[in-house]
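Participant: Below are the sequence and a predicted model; questions follow.
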Amino acid sequence: MMNTQEQLKKAVGEKAATFVKDGMKVGLGSGSTVYWLVRALGERIEQEGIQIEGIPSSIQTGAWAKEFGVPLTNFAETKELDVTIDGSDEVDPDFQLIKGGGAALFREKIIAQAAEKLIIIVDESKMVDHLGAYALPVEILPFAWERTAHEIEKLDCVPVLRLKDGEPLVTDNGNYIVDCPFERIEDPADLDRKIQAIAGVVETGLFIDMADTVIIGSSEGVTIKDK
Ligand SMILES: O=C(CO)[C@H](O)[C@H](O)COP(=O)(O)O
């Protein structure tokens with residue numbers, strides 16, 4: 001039996017799938033909410049015969065697309081996407097985001113930038129007044145990662161190298177992730193600029209001025225908010 005949070009993720013994933021129209025090229029985000037999106041897209045392809053192509057933001061999402069029969073393309077074939085649909089770890093009232101809980105933030109940002117419209121799907125627990133309670137994931141090069149983390153620390157947090165089975169977690173791109181507990185981020189755009197300026201930083205989990213629509217699942221139902 002599915003728990004309530006899982007039901008909310010399913011509801012927003014299925015709702016987001018209705019935004020995808022025949023012929024669209026779709027960026028597919030990552031995470032447990034996106035799982036339901038990919039599943040629902042597979043159902044629409046089978047039942048309605050819509051023809052779409054997706055670009056996945058992680059190896060895992062690509063595997064789900066294959067499992068559910070969602071055809072894939074790539075950036076060699078396609079430079080622009082009609083829509084990208086992705087989850088998030090935090091969403092603030094201005095639709096600024098913290099992402100990267102699943103370590104896929106770099107490719108997620110690429111498919112977000114490539115899309116005409118970015119739709120974010122979350123359960124209500126992700127909606128916050130201020131970003132930062134969720135430690136900000138930052139993807140960094142393994143080379144001199146301690147130096148890079150030291151520079152980030154000067155911005156007033158203590159970065160923690162993300163581990164998996166006791167070893168540094170390696171992203172789909174061969175990099176490391178440091179999780180940065182800022183607690184409260186007063187100016188997300190400014191912080192993003194400062195972190196991006198550090199050599200060794202590949203990408204941050206701050207998605208600034210990118211989201212157009214947020215689909216939120218709560219016990220009251222599904223709410224769609226546009227910027
Ligand atoms: O940014 C992400 C992965 O890098 C995910 O979108 C984010 O972590 C939300 O995941 P979930 O839907 O499982 O809560």
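Facilitator: Happy to help now that I have it. Just so we're clear, the structure is a prediction, and the values are computed from it rather than from any experiment.
Participant: what comes up buried for stretch 99-118?
Facilitator: 99-112, 114-115, 117-118 (16 or more other CB atoms under 10 Å). Every C-beta, even on glycine, is put in place using the N, C-alpha and C of the backbone.
Participant: Show me which residues of the chain sit near the ligand.
Facilitator: Among all residues of the chain, those adjacent to the ligand (criterion: CB under 6 Å from any ligand atom) are 29-33, 86-89, 99-105, 108.
Participant: go with 8 Å
Facilitator: By the rule CB under 8 Å from any ligand atom, the part of the chain lying against the ligand is 9, 29-35, 57-58, 86-89, 99-105, 108, 121-123, 126, 137, 205.
Participant: Break down this protein into its helices, ranges please.
Facilitator: Shown for the chain, the helices assigned by DSSP state H span residues 4-17, 32-48, 59-68, 105-114, 145-153, 188-196.
Participant: Mean neighbour count, these: which tops it?
Facilitator: Most buried of those by mean neighbour count (mean count of other CB atoms under 10 Å) is helix 105-114; its value is a mean of 23.
Participant: how about that helix as PDB, C-alpha atoms only?
Facilitator: Output in PDB follows, covering the C-alpha atoms of helix 105-114 (Å, rounded to 0.1, in the frame of the first residue of the first chain):
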ATOM      1  CA  LEU A 105      21.600  18.600 -10.600                       C
ATOM      2  CA  PHE A 106      24.100  19.200 -13.500                       C
ATOM      3  CA  ARG A 107      22.200  17.400 -16.200                       C
ATOM      4  CA  GLU A 108      18.900  18.700 -14.600                       C
ATOM      5  CA  LYS A 109      20.100  22.300 -15.100                       C
ATOM      6  CA  ILE A 110      21.100  21.500 -18.700                       C
ATOM      7  CA  ILE A 111      17.600  20.200 -19.600                       C
ATOM      8  CA  ALA A 112      16.000  23.100 -17.600                       C
ATOM      9  CA  GLN A 113      18.000  25.700 -19.600                       C
ATOM     10  CA  ALA A 114      17.200  23.900 -22.900                       C
END
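Participant: wait, doesn't V202 sit right on W145?
Facilitator: No: here V202 lies out of contact with W145, judged by CB atoms under 8 Å, at a distance of 10.7 Å.
Participant: can you put the helices of the chain in TSV and add mean pLDDT?
Facilitator: Formatted as TSV, the helices of the chain follow (pLDDT from 0 to 100):
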stretch	mean pLDDT
helix 4-17	96
helix 32-48	98
helix 59-68	98
helix 105-114	98
helix 145-153	98
helix 188-196	98
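Participant: got the ones you listed as CSV, with distance to G23 columns?
Facilitator: CSV is the format used below for the helices of the chain (distance: least, CB to CB, whole Å):
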stretch, distance to G23
helix 4-17, 15
helix 32-48, 12
helix 59-68, 17
helix 105-114, 17
helix 145-153, 42
helix 188-196, 34
